[in-house]
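K.L.:
please find the sequence and the predicted model below.
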There are 2 protein chains.
Amino acid sequence: MPRIVESVYNLIISPTRRIDRIIEAAKRSGRDLYLLSTGQPSIPPPREFREYVAELMKLESMAPYKYTPTEGYYSLREAIAEDLERLGGPKVDPEKELTVTAGGAEGLFTALMATVRRGDEVIIFDPTYFDYEPMVKFLGAKPVYWRATVETGFQPSLDELSDLVSEKTRAIVIVSPDNPTGRIIDEEIARAVVDIAVERDIWILYDEPYKTIIYEGSHVWVSKLDWEHTISMASFSKDPGIPGWRLGYVYGPSDVIHAINLIRTYTSYNPPTIAQLAIEHYLRNRLREKHLPMVLSEYRSRRDAMYRAIEELLPEARTLKPPAGMFMFVEFSPYLRKLRMSGEEFVEALGLEKNVMLIPGSFFGPASRNYIRFSFVTETPGRIRRAIELIREFIDEKA
Amino acid sequence: MPRIVESVYNLIISPTRRIDRIIEAAKRSGRDLYLLSTGQPSIPPPREFREYVAELMKLESMAPYKYTPTEGYYSLREAIAEDLERLGGPKVDPEKELTVTAGGAEGLFTALMATVRRGDEVIIFDPTYFDYEPMVKFLGAKPVYWRATVETGFQPSLDELSDLVSEKTRAIVIVSPDNPTGRIIDEEIARAVVDIAVERDIWILYDEPYKTIIYEGSHVWVSKLDWEHTISMASFSKDPGIPGWRLGYVYGPSDVIHAINLIRTYTSYNPPTIAQLAIEHYLRNRLREKHLPMVLSEYRSRRDAMYRAIEELLPEARTLKPPAGMFMFVEFSPYLRKLRMSGEEFVEALGLEKNVMLIPGSFFGPASRNYIRFSFVTETPGRIRRAIELIREFIDEKA
């Protein structure tokens, strides 16, 4: 076989996929699993959304199937721009300042490809969403970690940032609301990052897929603090909950949106037509206003059940009660020490012996190896409580 | 605004998009256009396909919406592997030798990213599908053109190939059945290319999106001539006709499929779930057997109408009566000389004055500038005849 390009091996099959394979094997053996591992929404999109798609399937025309512009239909971009304004976001020109992507991943990857090249440095949080480190390395750039811990509610230190920024820094990646921690970035910190980005003329890549999944507090719009240095990346995976349909969007200065569209012509050509039509229907008919409060109410009760169970049954663990998103990031070192296990060993043994699936913190950054990520969106409050009881049992049996 | 990576500007918004913008403007002014420009299927997928999607929309579950493996559901890969065998193709291991992509473009781009790096040379046909040259340049590699002309039915010369291959050659790209010419590669030529690829240990990237859109003759399976050097790339855009839904696949040696999946984790994460479910239904229920003969019969009558009209009304033009695909690539130099126009000028003036949309040959390669691409799949035979009459009128008026 001829040669394969080496830099490809900086990329990894998403770490949760490794967990998914354990899950698949467990399912085949008929075990009942407690899925505290996945960030997949558990509530399908609203009925009006689905009925609209079914209606489109009756058309004897190519309309629901044909190629669209790479940046998505104009009418959808307009609906998204209106939605951003309603949500309190910036005023965006749907013609030039916004592009619809084939999911969040394409938005992140093409935004990085458009801005980062070999030899650059990119500041990412530790912990952060696990796609960033491999993408940065694949592009020949160096990830520089900005630490965030439970002690400060996962807000990073501005003093530390000054030490991390160098002549080579090309971009700073911020996820808010965050995966894996659920924290919303402090507006004061966001302002300080913006000041540095403006002073140094570097990009802020602002990843906001959970911006409407908020239980307390409100979203921080970095693009409103400074438009010229901010590329914002969003997704419809979590709201209304169509992760597999692959639809997201990116907005920012028109020149960088144009560069992203040049790349996107080759990565996806166009975002899936049927997803575009359905999401335009969702936005224009304000379906979120009925649908999302129900979803948030359900997720909030699951979060509260998980937080209470952890407080009660795992009192030595420490976490932020997350104001947003789908996850708790739990500092677990007292228990890992007792068990004499790494986070990865703990997660694997717990999955095999107690059927409770979690994600080890090491997937999110080298300094986060004593944390464990718990997802609270997939299981019911009762099953969440039972899963935490099983974790307690596991610790008592093994320690 | 901070810097944008320069190499991005090797990429171009697909040239047909430039034509599409002229079309959009014309439509807004209410003109009736003859669309001989687009490679978009004109017949929607079969009713059973659409009814199946509508049924899925009734489910109160996340099943039709959730993330899938990056390589697509195993059951779909298995259905595609069975389909390949039924079509006369190779026996493929659906576990490791095949991946489902978010459309043909993602397959091409990720196959190139996995195999081609800065400083390499990639042999592409002139003419060829217009995505290849920009992708090769974006990767820092050099496109080397292998000429094919109407005189030899768009079969290239093997003598010339020996001169083009160098120490730097990393891959040879073949599209068959071809866009823009409709030719099926001669099996003898394919065998000779395979011999060179084996001897030099270089990749053959074999692009076969039109492999079931054949009117006379049969598909040449390069992967059966040599498995280890061939990456085959296919699409469901043309059959069953869901271009905007973005579903295709790539098959080849397991190591390169793994490398492609590493990249695809970041370009699309997964191929659209709803398209996967619908295509599995299409393949497993053998819907193609009823649907495709109807489509081919319709396209064949359109091709024949176009070929007859060109023979009769544009006798100095020369083309191959295409045995496959959606296009005729017409050598137009006698008329361009009379009109004292370049192909691009001709196409633009014709579109504006006679409402007939074509694509200039220059989009497909530097040596093909005196050709014009005609698509025969979008308009009815009567309207195709009328469009060719309008072209004749235009020439008579201007020459």
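P.N.:
Nice, I can see it.
K.L.:
going forward, measure contacts between C-alpha atoms and count neighbours the same way
P.N.:
Noted.
K.L.:
show me where the stretch 51-200 of chain A has strands.
P.N.:
A:98-101, A:121-126, A:142-147, A:169-175 (DSSP state E, counting those that start in this stretch).
K.L.:
tell me which of these sits most buried.
P.N.:
Most buried of those by mean neighbour count (mean count of other C-alpha atoms under 10 Å in any protein chain shown) is strand A:98-101; its value is a mean of 31.
K.L.:
what parts of the stretch 151-300 of chain A come near chain B?
P.N.:
A:201-203, A:228-229, A:241-246, A:253, A:256, A:259, A:261-263, A:265-274 (C-alpha under 8 Å from any C-alpha of the partner chain).
K.L.:
what would the strands of the stretch 51-200 of chain A look like in CSV with mean pLDDT and distance to residue B:89?
P.N.:
Formatted as CSV, the strands of the stretch 51-200 of chain A follow (pLDDT from 0 to 100; distance: least, C-alpha to C-alpha, whole Å):
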stretch, mean pLDDT, distance to residue B:89
strand A:98-101, 98, 34
strand A:121-126, 98, 45
strand A:142-147, 98, 44
strand A:169-175, 98, 46
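K.L.:
these into TSV, with extra columns for distance to residue A:285?
P.N.:
TSV is the format used below for these (distance: least, C-alpha to C-alpha, whole Å):
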stretch	distance to residue A:285
strand A:98-101	19
strand A:121-126	37
strand A:142-147	41
strand A:169-175	29
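K.L.:
tally of neighbours for residue A:293?
P.N.:
Applying other C-alpha atoms under 10 Å in any protein chain shown, we find 13 residues neighbouring residue A:293.
K.L.:
residues contacting the residue of the stretch 201-350 of chain A found nearest chain B?
P.N.:
Closest residue of the stretch 201-350 of chain A to chain B, C-alpha to the nearest C-alpha: residue A:244 (4.1 Å). With contact set as C-alpha atoms under 8 Å, 6 or more residues apart in numbering or on different chains, residue A:244 has these partners: A:237, B:64, B:65, B:66, B:67, B:68, B:270, B:271, B:272, B:273, B:274.
K.L.:
and those residues, which is closest to residue B:333?
P.N.:
For these, the residue nearest residue B:333 by C-alpha to C-alpha is residue B:271; the value is 42.9 Å.
K.L.:
buried residues in the lengthiest helix in chain A?
P.N.:
Longest helix of chain A, by residue count under DSSP state H: helix A:288-313. Residues A:288, A:291-292, A:295-296, A:298-300, A:302-303, A:305-307, A:309-310, A:313 are the ones in helix A:288-313 that count as buried (16 or more other C-alpha atoms under 10 Å in any protein chain shown).
K.L.:
ok, stretch A:357-372 next?
P.N.:
A:357-365, A:367-372.
K.L.:
cool, and stretch A:45-65?
P.N.:
By neighbour count with 16+ other C-alpha under 10 Å, stretch A:45-65 contains the buried residues A:45-46, A:49-50, A:52-54, A:56-57, A:62-65.
K.L.:
can you tell if it touches chain B?
P.N.:
Yes: Stretch A:45-65 lies within reach of chain B by C-alpha under 8 Å from any C-alpha, at A:50, A:51, A:53, A:54, A:55, A:57, A:58, A:60, A:61, A:62, A:64, A:65.
K.L.:
what's the burial count for the closest residue to the third one other than its chain neighbours?
P.N.:
Closest residue to residue A:53 apart from its sequence neighbours, by C-alpha to C-alpha, 6 or more residues apart in numbering or on different chains: residue A:278 at 6.3 Å. Close neighbours of residue A:278, defined as other C-alpha under 10 Å, add up to 19.
K.L.:
quick check: residue A:278 touching residue A:54?
P.N.:
No: the pair residue A:278 and residue A:54 fails to qualify as a contact (C-alpha atoms under 8 Å) at a distance of 10.1 Å.
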